[in-house]
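K.L.:
Got a predicted model here, sequence first, then my questions.
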Amino acid sequence: MNTYECKQCGMAVKATCGNCDVPLENGMIDLPDGSQVQVSKCPECEGKIKSPMCCGDDMSCNL
């Protein structure tokens, strides 16, 4: 099962947490200036990384 997929070209990745080995979930974090950044987060340990990008856009999460 793919975790993230590019809506433009169809490229897909499977992203799992290196500590917990569970699929990452799509999420957002609020920045101090009021803007938001899309992230991939672990539902177990709540670690976060910037969501993968392809074709200049954040890839969407299929979960």
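P.N.:
Perfect, I can see it now.

K.L.:
can you give me the helices for this structure?
P.N.:
Under the criterion DSSP state H, the chain carries no helices.

K.L.:
Centroid-nearest residue for it?
P.N.:
In the chain, the centroid-proximal residue (CA atoms, centre = their mean) is residue 40; its distance is 3.0 Å.

K.L.:
Quick check: bridge partners of that residue?
P.N.:
Beta-bridge partners of residue 40, counted by DSSP bridges, are residue 26, residue 49.

K.L.:
what does residue 4 give?
P.N.:
Under the criterion used (DSSP bridges), residue 4 bridges to residue 13, residue 61.

K.L.:
any idea how far it is from residue 35?
P.N.:
21 Å (CB to CB, to the nearest Å). For the C-beta atoms, the positions are set from N, CA and C on the backbone; glycine is no exception.

K.L.:
more crowded one of those two?
P.N.:
Between residue 4 and residue 35, counted using other CB atoms under 10 Å, residue 4 has the larger neighbour count: 23 against 8.

K.L.:
What are the boundaries of the strands in this structure?
P.N.:
4-5, 12-13, 25-30, 36-41, 48-50, 53-54, 57-58, 60-61 (DSSP state E).

K.L.:
which of those sits most buried?
P.N.:
Among the strands of the chain, strand 4-5 has the highest mean neighbour count (mean count of other CB atoms under 10 Å), at a mean of 20.

K.L.:
Kindly reformat the strands of the chain as CSV containing distance to residue 19 and mean pLDDT.
P.N.:
Below are the strands of the chain laid out as CSV (distance: least, CB to CB, whole Å; pLDDT from 0 to 100):
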stretch, distance to residue 19, mean pLDDT
strand 4-5, 19, 84
strand 12-13, 18, 87
strand 25-30, 15, 88
strand 36-41, 12, 88
strand 48-50, 12, 89
strand 53-54, 23, 88
strand 57-58, 23, 82
strand 60-61, 19, 70
